[in-house]
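Q: got a predicted structure here, sequence first:
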Number of protein chains: 2
Amino acid sequence: MPSQGHTFDPWYSSYATRTLGLTVSEVRALFAVASRPEVVSLAGGSPFVEALPEDLIRQAFERMMRDHGPEALQYGGGQGIPQLREKILELVAIEGITDVSPDDIVTTTGSQHALDLVTKLFINPGDVVLAESPSYVGALGTFKSYEADIVHLEMDDEGLDPRALEQSIRELRAAGKTIKFLYTIPNFNNPTGVTMSAERRREILEICVRERVLVLEDNPYGLLYFDKPAPDAIRSMDADNVIYLGSFSKILSPGVRVGFVIAPHAVREKLILAVESSILSPSTFNQWLVTEYLNQADWRAQIDTYRGIYAERRDTMLAALSEHLPQLSWTVPNGGFFTWVSLPESLDSKQMLPRATKELVAYTPGTGFYADGRGHQELRLSFCLPTPDRIKLGVRRLANVINDEMELIETFGGMGSRTSDRKHYEQAPADLA
Amino acid sequence: MPSQGHTFDPWYSSYATRTLGLTVSEVRALFAVASRPEVVSLAGGSPFVEALPEDLIRQAFERMMRDHGPEALQYGGGQGIPQLREKILELVAIEGITDVSPDDIVTTTGSQHALDLVTKLFINPGDVVLAESPSYVGALGTFKSYEADIVHLEMDDEGLDPRALEQSIRELRAAGKTIKFLYTIPNFNNPTGVTMSAERRREILEICVRERVLVLEDNPYGLLYFDKPAPDAIRSMDADNVIYLGSFSKILSPGVRVGFVIAPHAVREKLILAVESSILSPSTFNQWLVTEYLNQADWRAQIDTYRGIYAERRDTMLAALSEHLPQLSWTVPNGGFFTWVSLPESLDSKQMLPRATKELVAYTPGTGFYADGRGHQELRLSFCLPTPDRIKLGVRRLANVINDEMELIETFGGMGSRTSDRKHYEQAPADLA
């Protein structure tokens, strides 16, 4: 554990400054608890890969070995194989990105790798990354690992608030800060499930172009919509000011770790060098596997299958919340994996978690999704992996925990340890004055 | 191209300081030229994967899908799957590393990924990395990408010179420099093919322990010896002061990008966090594939097959050098992929390369393997990928180029452009005074 590092680590004084901020993510610490089979985990973000017919993978593998065996086993180029980059054009066209060639694409070891490399390319210690409020825990961790200052921007049910963006840029620059990019998940946001409206996308992009703030658009869930497609990607409106991240983790398999970036020409050149520096080349084996999957399988139908499954699970979860926790509020996602639940002010999602896991249900406390200490009154529920029956069971258990907590508070006037934790919250304000 | 970045890149002023040093590696620029089929490439470091029976991969894949399908397609933990880490114990035991448990191991996206993460964890801008003279171009690039000062240490035919190590540490510290680690490839070094003797390993380790300099031992080629095994790994003598990097790229396939690190406990904890921050988790799919390969295939026999092939190719190359270029000197590697050739003082390996590729042979100029401008009178020849007949042809072509150059010089008294390049050399001394 990092907090014990000083005591037991003989190399403690040797680490780079950036390493001292590297701490165990709240999500990671949860995995150990939530992976016990008796616990209903509404915590993770793992896709339901059991819905992928394994024969589709077998066929892709056989074709790859037959036609490209030695090539798939060999090193490749840092940009990724052209055949996959060609197929990616079909994927991104669905979200309105059509002014792109295979040459604009770099494949990566999942889109987390792309996040890491973009951050490495742009962030000096102290540079500002703007992010939604809340935002993806894995991105916040990567930004911190390069010593970025993360500044959260308010959002509502149409996504990022353009006025908050303008005001933050103004205030940050007045305070002498350097803003490098805006990180956004416009579709079915992780963790809130909120989708940025088309109008907002235009406004946000316009502000960023005017203010010379690069947009880092992260879109792992875009094709997994339920009722109607999300608006076109921000990247579809602008090739020069947007870096777009895509992934096969949610529409095929996260185990193969294949993601991609679409970037402006000069940035893309640097990204290729950064890929080479970090891993030499992305796995040719997995790139060929994905290419042959896209060549042979009806991948659009497979995405429809996923959409149906996740839509049913969302419906199940929201119905269970309405039934068992009518006093709370939550978001209604039109795609993706998550809903975001607000607790009554007297509850604390982080403190409540041990009691929840004792009752055999796990969720992700809101605190992991803020870099500024917020999130104690919110939690993320995921409906992607558990079956509908398990979702119902999980929400029922969660309702028991929450109702017990509320009763305790009403009886005794507050949770014992809440005061000290609230103090912690007040001691960890945003980095900004 | 980076040199044009300023002119055409609208985001040029936004990059992090570290990005400004990110340049196209000499090896990368070569790939485009050397990959034309009519060129005999003695330039790359790609293993001869055609020697791997594809049925071994098919069987591993089938077993993986049968027994671990959904798991292989899903996210995994940042440390890597325990089953693979368990099998890695058998691999490293061959090189004398026996005081290790699966818990000490972290799997990575090839060992380049491990190199990148160790550097990220330890290097502040300006910190010193000590390295062999010459050293692996990919490692030098990674060190530079975190703004390390690379200081080369002299070596002879027994590897790193312990006196040079002691003297460098003394001088660097007197100059106020912070030394973070010594990077070494003790077995069949890339690019020289030289192996560090057992006695030297003890001496080097002793100095590093005494001086509190971490040892980063990179061992991709250790199992590919020809006549007799290399001495035991440095890591076999010390668990607390050595970070050990291993790889499946040369004994199985680089296309699957599976490498690993053995690190002291506290460093390992930080490495896991760094893996998560950079890629969430290494590919479970590829880790299971490698695990089932190790479970089912006679992988020791497969390594013996590789050893036989590479030994024959080394013999072919050294015989061809003796026949066609008797006036030059070169190293005699007892394993691995490379020999290191010294040119007469009047020749320049970097300048000669375009003429060589015109004559349909490619090599790697020595300059890529130094961070301090040296290497103009040296070149690396690889015998791993081309067949013996192609090796003979390549060396014959190289001899023609070299002999033509020598004749020109004897006739006209020197190469036209050499003076300016030599000036460049003098303007790029070691970072150290």
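A: Ah, there it is. Numbering: from 1, shown residues only, chains lettered A, B, ... in the order given.
Q: who's in contact with the residue in the stretch 251-400 of chain A positioned nearest to chain B?
A: With CB to the nearest CB, the shortest gap between the stretch 251-400 of chain A and chain B falls at A:Ala266, namely 3.3 Å. The way it works is simple: take the backbone N, C-alpha and C, and place the C-beta from them, glycine included. If a contact means CB atoms under 8 Å, 6 or more residues apart in numbering or on different chains, then A:Ala266 has B:5, B:8-12 as its contacts.
Q: please save the CA atoms from the helix or strand harbouring it in CSV.
A: A:Ala266 belongs to helix A:265-279 when assigned by DSSP states H and E. Extracted as CSV, the C-alpha positions of helix A:265-279 are listed here (Å, rounded to 0.1, in the frame of the first residue of the first chain):
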residue,chain,number,x,y,z
HIS,A,265,-1.9,14.8,-38.5
ALA,A,266,1.0,16.1,-36.5
VAL,A,267,-0.3,14.8,-33.2
ARG,A,268,-0.8,11.4,-34.8
GLU,A,269,2.9,11.3,-35.9
LYS,A,270,3.9,11.9,-32.3
LEU,A,271,1.4,9.3,-31.1
ILE,A,272,3.1,6.7,-33.3
LEU,A,273,6.5,7.5,-31.7
ALA,A,274,4.9,7.3,-28.3
VAL,A,275,3.4,3.9,-29.1
GLU,A,276,6.8,2.7,-30.2
SER,A,277,8.5,4.1,-27.1
SER,A,278,5.9,2.4,-24.8
ILE,A,279,5.4,-1.0,-26.4
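Q: for that helix, give the mean pLDDT please.
A: Helix A:265-279 shows a mean pLDDT of 95.
Q: could you point out which element follows that helix?
A: helix A:284-296.
Q: follow-up on the earlier one: can you pull the buried residues of the helix holding A:Ala266?
A: A:266-279 (16 or more other CB atoms under 10 Å in any protein chain shown).
Q: show me where the stretch 201-350 of chain A has helices.
A: Secondary structure of the stretch 201-350 of chain A (DSSP state H, counting those that start in this stretch): helices at A:265-279, A:284-296, A:299-324, A:349-358.
Q: nearest to B:Asp298, out of those?
A: helix A:284-296 (21.4 Å; CB to CB).
Q: how about the closest one, does it get close to chain B?
A: Yes - counting by CB under 8 Å from any CB of the partner chain, contacts between helix A:284-296 and chain B involve A:284-286.
Q: in CSV, list the residues you listed along with pLDDT.
A: Output for the residues of helix A:284-296 next to chain B, formatted as CSV (pLDDT from 0 to 100):
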residue, pLDDT
A:Thr284, 98
A:Phe285, 98
A:Asn286, 98
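Q: next, A:Thr364: phi, psi?
A: Dihedral pair for A:Thr364: phi -110, psi 120, per degrees, to the nearest 10.
Q: so what's it closest to, chain neighbours aside?
A: Distance criterion CB to CB, 6 or more residues apart in numbering or on different chains; nearest residue to A:Thr364, sequence neighbours excluded, is A:Arg380 at 4.3 Å.
Q: tell me which residues touch the one you found, please.
A: A:43, A:191, A:338-341, A:363-364, A:366, A:369.
Q: report the angle between the host helix or strand of it and helix A:349-358.
A: In this assignment (DSSP H and E), A:Arg380 forms part of strand A:378-382. If you take axes from the mean of the first three to the mean of the last three CA atoms, to 10 degrees, strand A:378-382 sits at 40 degrees to helix A:349-358.
Q: any idea of the angle strand A:378-382 forms with helix A:299-324?
A: Comparing the axes of strand A:378-382 and helix A:299-324 via the same axes, to 10 degrees yields an angle of 130 degrees.
Q: which SSE is immediately downstream of strand A:378-382?
A: Going down the chain from strand A:378-382, the next helix or strand is helix A:388-412, by DSSP H and E.
Q: what's the angle between that next one and strand A:378-382?
A: Using the same axes, to 10 degrees: helix A:388-412 against strand A:378-382 is 160 degrees.
Q: now helix A:388-412: average pLDDT?
A: 94.
Q: which strands and helices sit next to that helix?
A: Of the remaining helices and strands, those touching helix A:388-412 by 3 or more CB pairs under 8 Å, 6 or more residues apart in numbering or on different chains; DSSP states H and E are strand A:40-41, helix A:299-324, helix A:349-358, strand A:361-362.
Q: care to break chain A down by domain?
A: A:17-51+A:301-410, A:68-298 (the TED database).
Q: which of the ones you listed sits most buried?
A: domain A:68-298 (a mean of 22; mean count of other CB atoms under 10 Å in any protein chain shown).
Q: tell me which of the contacts of A:Arg380 fall in strands.
A: A:338-341, A:364 (DSSP state E).
Q: the stretch 151-300 of chain A against chain B: which residues are in contact?
A: A:180, A:214, A:240, A:249, A:253-257, A:264-267, A:269-270, A:273-274, A:276-286.
Q: mind checking the end-to-end distance for stretch A:271-288?
A: Stretch A:271-288 stretches 21 Å from its first residue to its last (CA to CA, to the nearest Å).
Q: next one: that stretch to chain centre, how far?
A: 22 Å (CA atoms, centre = their mean, to the nearest Å).
Q: pick the one among the contacts of A:Arg380 closest to A:Leu52.
A: Nearest to A:Leu52 among the contacts of A:Arg380, counting by CB to CB, is A:Phe338 at 20.6 Å.
Q: hey, what's the closest one bridged with?
A: A:Ser382 (DSSP bridges).
Q: what sits against it?
A: A:45, A:188-193, A:380-384.
Q: for stretch A:354-370, how far is the first residue from the last?
A: End residues of stretch A:354-370 are separated by 20 Å (CA to CA).
Q: how far off centre is that stretch?
A: Per CA atoms, centre = their mean, the centroid offset for stretch A:354-370 relative to its chain is 18 Å.
Q: next one: stretch A:255-274
A: That offset, for stretch A:255-274, works out to 18 Å (CA atoms, centre = their mean).
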